[in-house]
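Visitor: Here is my input; please provide its structure:
(one chain, ligands or ions: 2)
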Amino acid sequence: MSVESIKKLYASMPELVGRARKKFGRPLTLAEKILVSHADNLDTQVWERGKAQLLLRPDRVAMQDATAQMALLQFIQAGKKKVAVASTVHCDHLIRAQSGARDDVERAISENKEVYNFLRSAARKFGIGFWKPGAGIIHQVVLENYAFPGALLIGTDSHTPNGGGLGMLAIGVGGADAGEVMAGLPWEVLHPKLIGVRLTGRLQGWASPKDVILYLCGLLTVKGGTNKIIEYFGPGASSISCTGKGTITNMGAELGATTSIFPFDEKMADYLKMTERAEWARLAEANRENLTADADVLSTPERFFDQVVEINLSELEPHVVGPHTPDLARPISKLSAEAKEKGYPVQLKAALIGSCTNSSYEDISRSAHVARQGLKAGLKAKASFLVTPGSERIYHTMIRDGFMKTFEQMGGTVLANACGPCIGQWKRADIQAKESNSIISSYNRNFPGRNDGNAETLSFLSSPEIVTAMAFAGSLDFNPVTGTLTTADGTKIKFEPPQGEELPAKGFAKGEEGFEPPAESGDKLEVEIPPTSERLQLLKPFPRWNGKDFEKLPILIKAKGKCTTDHISPAGPWLKYRGHLDKISDNMFLGANNAFSGDPGKGTDVLAGESNLTISAIARRYKDRGIGSVVIGDENYGEGSSREHAAMSPRFLGVLAVLVKSFARIHETNLKKQGILPLTFADPKDYDQFESNDRVSIVGLSALKPGNSVGVVIHKPDGKQIKINANHSMTEQQIGWFKAGSALNALN
Ligand code: MIC
Ligand code: SF4
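Guide: Numbering: from 1, shown residues only. Ligands and ions are numbered 1, 2, ... in the order given. As a prediction, this is how the structure comes out:
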C-alpha cells in the first residue's frame, strides 16, 4: 500500500464516518466505520444488516496461486488492460512438503513451471505484484507488507481475515469476485450482522491467542459466524499481540464468519514499526478515532451488536479441537479421557506447527522455549515434528535466533515457507494407506483427508506451544499443563509454561526479496499458456439459461452430513489442475458421503442403472446425453475454503441447481457467480424426501424474483409427485447472472 493511498483513506474517514453516524442516528462500531468508508455510494446504499447487499470499493486484492489461476482466467475474459485496484499474487499453495525447505521449493518450481509462468506473465502484463514461490504464505506476506488499520481487502482465500489482526476488514472471496474488482467493478456482499466479542483479563501460562478462537469455535460452531463480522473489543484486546490477534481473526473463517477484526492499538503500531512501516503507524495513531469503535459501543455493546460474547482471558484454558471438525472443542484437561472413551488412536504420529495461522515470532519463540526444556531433560520428539514458517522474514529470523537449531535438535524438519501439509501437500511415508492414526497441528482446518489425503487420519488442532509439548509425548494422553514425561534415565519432567517474545528484540532478519513488480506497461506482453497444457485451459463461457423450467432432473448426489469444499473439490494432488477446469472436474465430490451409496465419492448412474461410479463419471455421462442434474445437501453446505472449483466443476458437468438445508457464505456466492441455482429447503425436513431414483423439477423459474420462493416437485418412480418449496437469496442482479449463465457472461 502506498503511503499516499493510506493518507487518502484516512483523510476521507472523518467526514464519511460522521455522515454515517448522522444517517444511522447512533454511534458506530469499528466494522461499520470501515464499511461506510468503503461504500461505493454512502447515500444510495441501503444499510440493513442481514438483508441489504453492500456495494464496496476494496483497497486491495490478494490472490494465492491455487485460486489465482481461475481468478486471472476470469479477469482475462473481462478483456481489461490493467487491474483497477492494487493486487498481488502469492505462490504458496503449490509447494509440496517432502524433504525440507530448499529441495521442496526447487521441486515445486520445476513441477509447476507452467502455472508459475502463467501467473508471473499475467501479473507482469496486468499490473499485479508477484510474490514468487518460497516467499511466504499469502496471509503472512499480506500482514507484513500490505495490511493496515482501517483498510478493506479481499483475497481469494478463506483465511484472508488474518489481516483483521492489524485492524482491517480482510475478507475471503471466490476468484470471480476478485476478477470483477480487478476489472473495476464494486464488490458486492450481504451486509453482515455483527457479533461483538468482549475480552477482559489477560492470557495466563499455557493459554495463547489460539485458545481464544478454539474456544469460540466450540461455542459458536462452524455455522455460528455465517454472514457475520466478529468484532473484538474490551480491555483484554490490547493485551494480545498483533500477530496473536491475526491468529484469532484468521481462524474466524472456521466459524464461517465474513471476517473478524480487532481495534487499532499499541500492539499494532509496534508491529507496523517492526515491519518497517513506522510512517503507517504514525498515520494510524493520528486517525485512531476512526480505527476503533465509538465509546458508547464499548460501554453498552448489547445495544449495537446483534450478539455479544464475553471471554475472560485470565480464565481461559488451553484447548484442543477435532478430529474432523474445528468446533469439536474441549480444554486440554479433558482430552485424554475423551480420546479413550471415543476410541481415538492415542498415539500421535505427527505434530506440526506453523502455517499461515500460527507462525509468528511469538508462536515460534514460545514453542522453542518448550522445545529447549524437553531437550535439556534429554527428550526427543516421539512424533514426527514438522515446522512451517509463514514467510522469509520468519524463516531467517528463526535461523538467526537459534530456534531452527532447537527444532532440528529435537528431531524436527523445517519445511518451505508455504502451505505444505496444511493443504494436503504432504508426502507421508509413516503410515499405510487408509491407516487410522492421530496427528496434531497448529493449523486451522482438520476436515477428513485434509492434510494427507487419508480420511482415516484424525487431525487435532491446538496452539503451537501445546503441539510442541505433545510432540515430545507422542500421545494424546498427555496434558503438558499438569502432566509429567519420563526421560530415558527415568527422571520425570514437568514443563514450565512457555515464554516467548512478541517481536524479535533485534528486529526481523531479512530473507531473499521474493517480490517481482509488474511491468510499466503490459500492452506488448503476452500471457503464457501453452496450447497443449495439462495444467491450464482458457475458459469458455457457460451456456445461457434457456428460459425453461428444469424438468425431471436426476439427483447426481445427495450429500450426507458435512460437505465442505474439501469434500466437493479435494486439494492435495488435485491442486495441480486448478487452472484446468476439465481435468480438475474428475475430482468432483470425491470426498463427499453420498446418502445413496456406501462409498464416499461414488454413486449410481440412474439412467443406466449402473452403480459404483465416481460422481464425476456419472455427471459426464449425463452431460453427454444433454441432461442436467441436481445436487441435494445438508447443513452449512460448502463450508471451508473459497475455492470456486467446488462451484465451477458442478457447473461444467451439468449441475443446474444445488438444494440444501443451508449454505456457507463464500460457496453460495460462488454458485451464484457460476450460474448454478442455490436453493435452501423452506422446511429442512424435506431433505429426507429425496430418494435415489427420484427426478426433480424446479418450476416457475421465469417468475424468479428476489425474496420469492421456488417450487420444487419430487417425482417418485411410481408416478407420485411431492411438491415442496425452496428459498433463494438472489438479488435482481444475481438473478441476471443466473439467466446469463454466469456473472461473467452478464458483464459482456
Ligand atoms: C484452505 O485453507 O482451504 C485453502 C487451500 O487455503 C483455501 C483456498 C484453496 O482451496 O485454494 C481457502 O481457504 O480458501
Ligand atoms: Fe495455506 Fe493452510 Fe493457511 Fe490455507 S490455511 S492459506 S492452506 S497455510
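Visitor: Show me what from the stretch 601-748 of the chain comes close to ligand 2.
Guide: Neighbours of ligand 2 within the stretch 601-748 of the chain, by C-beta under 6 Å from any ligand atom: none found. For the C-beta atoms, the positions are set from N, CA and C on the backbone; glycine is no exception.
Visitor: Which residue ranges of the stretch 601-748 of the chain form strands?
Guide: Counting by DSSP state E, counting those that start in this stretch, the segments of the stretch 601-748 of the chain that form strands are 602-605, 610-614, 629-633, 655-660, 677-681, 695-699, 709-715, 721-727.
Visitor: do the same with the stretch 151-300 of the chain
Guide: Using DSSP E, counting those that start in this stretch, strands in the stretch 151-300 of the chain cover 152-155, 169-172, 187-190, 193-200, 228-233, 259-261.
Visitor: on that earlier part again, please convert the strands of the stretch 601-748 of the chain to TSV, extending it with mean pLDDT, distance to Asn290 and mean neighbour count.
Guide: Below are these laid out as TSV (pLDDT from 0 to 100; distance: least, C-beta to C-beta, whole Å; neighbours: other C-beta atoms under 10 Å):
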stretch	mean pLDDT	distance to Asn290	mean neighbour count
strand 602-605	98	53	21
strand 610-614	97	53	15
strand 629-633	98	41	26
strand 655-660	98	40	25
strand 677-681	98	36	23
strand 695-699	98	47	18
strand 709-715	98	42	19
strand 721-727	98	38	14
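Visitor: need these in CSV with distance to ligand 1, can you?
Guide: Formatted as CSV, those follow (distance: least, C-beta to the nearest ligand atom, whole Å):
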stretch, distance to ligand 1
strand 602-605, 23
strand 610-614, 20
strand 629-633, 19
strand 655-660, 18
strand 677-681, 18
strand 695-699, 29
strand 709-715, 29
strand 721-727, 26
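Visitor: Ok, which of these comes nearest Thr156?
Guide: strand 677-681 (19.5 Å; C-beta to C-beta).
Visitor: Given that closest one, what are its sheet partners and their directions?
Guide: Strand 677-681 has its sheet partners listed here by DSSP bridges as strand 655-660 (parallel), strand 721-727 (antiparallel).
Visitor: Of all the strands of the stretch 601-748 of the chain, which one is nearest Asn479?
Guide: The nearest among the strands of the stretch 601-748 of the chain, by C-beta to C-beta, is strand 629-633 at 38.2 Å.
Visitor: Counting by contacts, list what the closest one packs against.
Guide: On a contact count with 3 or more C-beta pairs under 8 Å, 6 or more residues apart in numbering; DSSP states H and E, strand 629-633 meets strand 550-558, strand 655-660.
Visitor: Paired strands for it, with orientation please.
Guide: Partners of strand 629-633 in its sheet, by DSSP bridges: strand 550-558 (parallel), strand 655-660 (parallel).
Visitor: what about the shortest one, distance to the chain center?
Guide: So the one you mean is strand 655-660. The chain centre lies 23 Å from the centre of strand 655-660; the measure is C-alpha atoms, centre = their mean, to the nearest Å.
Visitor: orientation of it relative to strand 695-699 in degrees?
Guide: Between the axes of strand 655-660 and strand 695-699, defined by axes from the mean of the first three to the mean of the last three C-alpha atoms, to 10 degrees, the angle is 90 degrees.
Visitor: just the first one next, same as before
Guide: Going by the same axes, to 10 degrees, strand 550-558 is angled at 130 degrees with respect to strand 695-699.
Visitor: which residues touch Arg466?
Guide: That one is not Arg; residue 466 is Ile. 206, 318, 320, 332, 480 (C-beta atoms under 8 Å, 6 or more residues apart in numbering).
Visitor: and Leu747, how many neighbours?
Guide: A count of neighbours around Leu747, defined by other C-beta atoms under 10 Å, yields 16.
Visitor: wouldn't it be in contact with Gly179 here?
Guide: No - the criterion here is C-beta atoms under 8 Å, and Leu747 misses it with Gly179 at 9.4 Å.
Visitor: Quickly list what's touching both of the two.
Guide: Ala78.
Visitor: Next step: the contacts of Ile466 restricted to strands.
Guide: The strands, defined by DSSP state E, take in Val320 from the contacts of Ile466.
Visitor: Just the closest of the contacts of Ile466 to ligand 2, please.
Guide: Among the contacts of Ile466, Val320 lies closest to ligand 2 (C-beta to the nearest ligand atom), at 18.0 Å.
Visitor: Not counting residues beside it along the chain, what's closest to the closest one?
Guide: Distances taken as C-beta to C-beta, 6 or more residues apart in numbering put Ser462 closest to Val320, at 4.5 Å, once the chain neighbours are dropped.
Visitor: who's in contact with the one you found?
Guide: 210, 214, 318-321, 332, 440-442, 470.
Visitor: how about those in TSV, adding distance to ligand 2?
Guide: Output for the contacts of Ser462, formatted as TSV (distance: C-beta to the nearest ligand atom, whole Å):
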residue	distance to ligand 2
Lys210	13
Leu214	15
Pro318	21
His319	18
Val320	18
Val321	15
Ile332	22
Ile440	15
Ser441	10
Ser442	10
Met470	20
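Visitor: Nearest to Pro541 among the residues you listed?
Guide: Ser441 (40.7 Å).
Visitor: The residue lying closest to the closest one once chain neighbours are set aside pairs with what?
Guide: Nearest non-adjacent residue to Ser441, counting by C-beta to C-beta, 6+ apart: Leu352, 3.9 Å away. Following DSSP bridges, Leu352 is listed with bridge partners Leu386, Ser441.
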